[in-house]
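Asks: let's see this in three dimensions:
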Amino acid sequence: MKVSLIIPIYNEAEHLDRFLQAVDGLELPIEKELVIINDCSRDSSGEILKSFTFKSLVILHEQPVNMGKGAAIRKGIELATGDIIGVQDADFEYDMNDIPQLIKPMVEEKAEVVYGSRFRFNGQQVHRTFHYLVNRLLTMLSNLLSGLYLTDMETCYKFFKKEIVKNINLETDRFGFEPEITAKVARLKIRVMEFPILYFPRNYIEGKKITWKDGLAAVGHIINFNIFSDKRKFFKKDMPDQYIPRGANWL
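Replies: Have a look, this model is predicted:
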């Protein structure tokens, strides 16, 4: 069994070598594949990626133009060869040592999708008030419309069985991936689990890229994908029948 970590890269040169050393050296209970998507970085990220000597299995793809995180993840899903596919940001906001507990239920066939939650508190986490409130409000709205109860819809750490995520039609290019994939996963007959993770938020000076405009866009994506989008176009024809609810009125 193998897990693929999709890693979008955009202007991360300042800490990229240190990050690559950490993620390349990460030990997991199953084989690991790094699917690195350089989203047309304008700094030296591309040169660092090409010169780094990986010990892990690695797929390195260069986007021809900057297309956004969602587009990078979409390309990563297409290229990934793992049985489990997840997303890893190219910074140190998330503790990659949490990954083993997130993939464990999938390795043991106890879940098809696992989210890591920054809001299932463990006494070590402190969040910036503004981002905390925005994330909680977006998660509440998503829960209300999707019917899938989560504590952290906007989390980076999402892991999926390959036959599920590869058969979801994804559309958004920027930061809409989180509400879009959640709305679509909620339509399936699958087991979704959520586990607490550590989170160390960085600020805009340190390279954080998401802005208030993305928060507003997320509201639009939540409403669109849960209410107005044609549910018959959510999934590819190869989605296994066992994950499609019997009598689903959106087929």
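
Asks: can you list the weak-confidence ranges in the stretch 101-250 of the chain?
Replies: Within the stretch 101-250 of the chain, the ranges that satisfy pLDDT under 70 run 121-132, 202-210, 212, 214, 247, 249-250.

Asks: and if we set it to 80?
Replies: Scanning the stretch 101-250 of the chain for pLDDT under 80 picks out the ranges 120-133, 135-136, 175, 202-215, 217-218, 228, 247-250.

Asks: which residues in the stretch 1-150 of the chain form helices?
Replies: Counting by DSSP state H, counting those that start in this stretch, the stretch 1-150 of the chain has helices at residues 13-25, 45-51, 69-79, 99-107, 129-146.

Asks: and the shortest one, how far out from the chain middle?
Replies: Distance, stretch centre to chain centre, for helix 45-51: 23 Å (Cα atoms, centre = their mean, to the nearest Å).

Asks: returning to what we had before: which of the helices of the stretch 1-150 of the chain sits closest to Asn169?
Replies: The closest of the helices of the stretch 1-150 of the chain to Asn169 is helix 69-79. By Cβ to Cβ, the value is 9.7 Å. (C-beta placed from N, C-alpha, C; glycine too.)

Asks: nearest to Phe159, out of the helices of the stretch 1-150 of the chain?
Replies: helix 99-107 (5.4 Å).

Asks: other SSEs contacting that closest one?
Replies: strand 2-9, strand 84-87, strand 113-117, strand 158-161, strand 192-196 (3 or more Cβ pairs under 8 Å, 6 or more residues apart in numbering; DSSP states H and E).

Asks: and if we set it to 6 Å?
Replies: Identification of packing neighbours for helix 99-107 by 3 or more Cβ pairs under 6 Å, 6 or more residues apart in numbering; DSSP states H and E yields strand 113-117, strand 192-196.

Asks: any buried residues in that helix, and which?
Replies: By neighbour count on 16 or more other Cβ atoms under 10 Å, the buried set for helix 99-107 is Ile99, Leu102, Ile103, Lys104, Pro105, Met106, Val107.

Asks: which one of the residues you listed is nearest Asn167?
Replies: Looking across the buried residues of helix 99-107 and measuring by Cβ to Cβ, the closest to Asn167 is Met106, at 16.2 Å.
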